[in-house]
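Engineer: take this sequence and fold it.
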Amino acid sequence: MPITYSVQPFGSEIISAYRRLFPESAADKAPEKLKWRFERGPHGPGLFAVARDDADGEIVGMIALVATRLRMGANAQLAYQAIDTVVDPAYRGRGVFVGLGNAAQDSSNHEGCILWGFPNANAAPGWFGKLGWQNFGTVPFMVRPLRTGYFFRKLLPIFARIDFPLVRRRRLPGDHREIERFGDDADALWNASRTPDEIAVERDAAWLNWRLLDKPDAPYRSTGSYDPNGALQALVSTCLLEKHGGRICYVMEAMSTQDKFASLSDLLREQVALAASQGAEVALAWCPPNAPNRTAYRRAGFLPLPGILRPVKIHFGGRALGPQAAAEVQDGSKWFISYLDSDTV
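Structural biologist: This is a model prediction of the structure:
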């Protein structure tokens with residue numbers, strides 16, 4: 001049967017398609033979470049590249065496109081992050097994925113200047129080989145061991161019972177407070193922490209509130225470090241999840257200006273130690289090699305995660321959809337990402 005491809009907004013038909021195409025992910029794809037992601041995002045509503053069987057009009061494949069305002073130097077442009085790529089098993093092997101990708105990358109279907117995302121090992125050949133994405137490499141993991149047992153289970157299972165803590169909870173000097181809502185001080189910190197040629201999703205207060213506080217069942221904890229005048233000088237957001245065979249502390253974001261890296265490192269150490277006291281066995285972060293805050297991570301005991309210990313293999317890449325974005329998007333070293341950019345944590 002012929003298949004038709006198009007791009008459409010979020011709605012009840014998309015919710016029904018999620019139920020049918022992601023039957024094993026009912027909790028993660030619940031309607032309230034879908035509405036949060038695709039209707040309430042501060043950077044704009046989401047879109048969907050869809051494939052329909054012409055015989056009955058049913059959606060048999062789709063790619064979700066999350067609106068993201070990318071800050072590129074002094075400029076901000078609308079882009080879309082591609083997530084939730086799926087094809088009905090009965091229609092696989094018929095080029096549906098490529099048809100969906102072409103629809104998503106057709107600039108006549110939306111105003112986005114870049115399509116980008118984090119393909120897993122299965123999807124990477126399609127995005128990079130068939131759809132022309134630039135491959136920026138695998139996601140840059142950093143790790144802070146919190147208990148010995150986690151790594152023994154991964155590397156030397158015979159020693160898995162040897163399990164003792166590697167950090168102790170302690171409160172470090174400074175004015176550290178939990179953040180209940182992000183405001184103007186978070187905007188000021190974000191603007192001051194950026195480097196001139198950095199490419200990143202706009203991490204202003206509106207987006208941070210949406211991403212970390214407004215998400216249904218949000219599991220995140222955000223803490224700020226304040227200077228003697230009460231100004232926000234660093235922030236760290238974390239969450240604890242049971243994933244990949246262990247209890248993991250995900251560092252969603254660690255932000256400060258370069259002259260406050262000591263404060264950021266202290267805040268990181270304190271929050272990771274708190275997570276360890278709550279049963280976390282390892283702390284993970286995404287931090288590119290050229291990211292300015294990598295120094296703070298290193299001071300807080302984080303190290304690059306060896307490939308053999310990576311829980312999953314995730315690639316990072318994208319494609320410019322217009323000449324105005326082509327030069328910037330092709331240079332992966334300019335991109336700043338963190339776990340806040342992930343749609344799975």
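Engineer: doesn't residue 109 belong to a strand?
Structural biologist: No: assignment of residue 109 by DSSP: H, G, I helix; E, B strand; the rest coil gives coil, placing it outside any strand.
Engineer: three-state assignment of residue 340?
Structural biologist: In three-state terms, and counting by three-state DSSP, residue 340 is helix.
Engineer: so it touches residue 210, yeah?
Structural biologist: No: the criterion here is Cβ atoms under 8 Å, and residue 340 misses it with residue 210 at 10.7 Å. The way it works is simple: take the backbone N, C-alpha and C, and place the C-beta from them, glycine included.
Engineer: what about these two, which has more around it?
Structural biologist: Each of residue 340 and residue 210 had its neighbours counted (other Cβ atoms under 10 Å), and the higher figure belongs to residue 340 (21 against 17).
Engineer: and the more buried one, how far from residue 32?
Structural biologist: Taking Cβ to Cβ, to the nearest Å as the criterion, residue 340 is separated from residue 32 by 20 Å.
Engineer: ditto for residue 184
Structural biologist: Spatial separation of residue 184 from residue 32 under the definition Cβ to Cβ is 29 Å.
Engineer: quick check on the closest residue to residue 110 other than its chain neighbours: phi, psi?
Structural biologist: Taking Cβ to Cβ, 6 or more residues apart in numbering, and ignoring the residues beside it in sequence, residue 110 has residue 47 as its nearest neighbour in space, at 5.7 Å. Torsion angles at residue 47 (phi, psi; degrees, to the nearest 10) stand at phi -130, psi 170.
Engineer: what's the pLDDT at residue 47?
Structural biologist: Note for residue 47: predicted pLDDT of 98.
Engineer: I figured it was touching residue 7, is that so?
Structural biologist: Yes: contact status for residue 47 versus residue 7: in contact at 5.4 Å, counting by Cβ under 8 Å.
Engineer: okay, and the common contacts of those two?
Structural biologist: Contact criterion Cβ atoms under 8 Å, 6 or more residues apart in numbering; residues shared by residue 47 and residue 7: 65, 109, 110.
Engineer: name the member of those residues with the most neighbours.
Structural biologist: Ranked by neighbours (other Cβ under 10 Å), the shared contacts of residue 47 and residue 7 are led by residue 65, which has 26 neighbours.
Engineer: quick one: contacts for the residue nearest to residue 334 when sequence neighbours are not counted?
Structural biologist: Distances taken as Cβ to Cβ, 6+ apart place residue 199 nearest to residue 334, at 4.8 Å, with adjacent residues excluded. Contact analysis of residue 199 by Cβ under 8 Å, 6+ apart lists 70, 71, 72, 328, 329, 334, 335, 336.
Engineer: residue 199 and residue 73, how far apart?
Structural biologist: When distance is defined by Cβ to Cβ, residue 199 is 8 Å away from residue 73.
Engineer: same question for residue 344.
Structural biologist: Relative to residue 73, and taking Cβ to Cβ, residue 344 is found at 29 Å.
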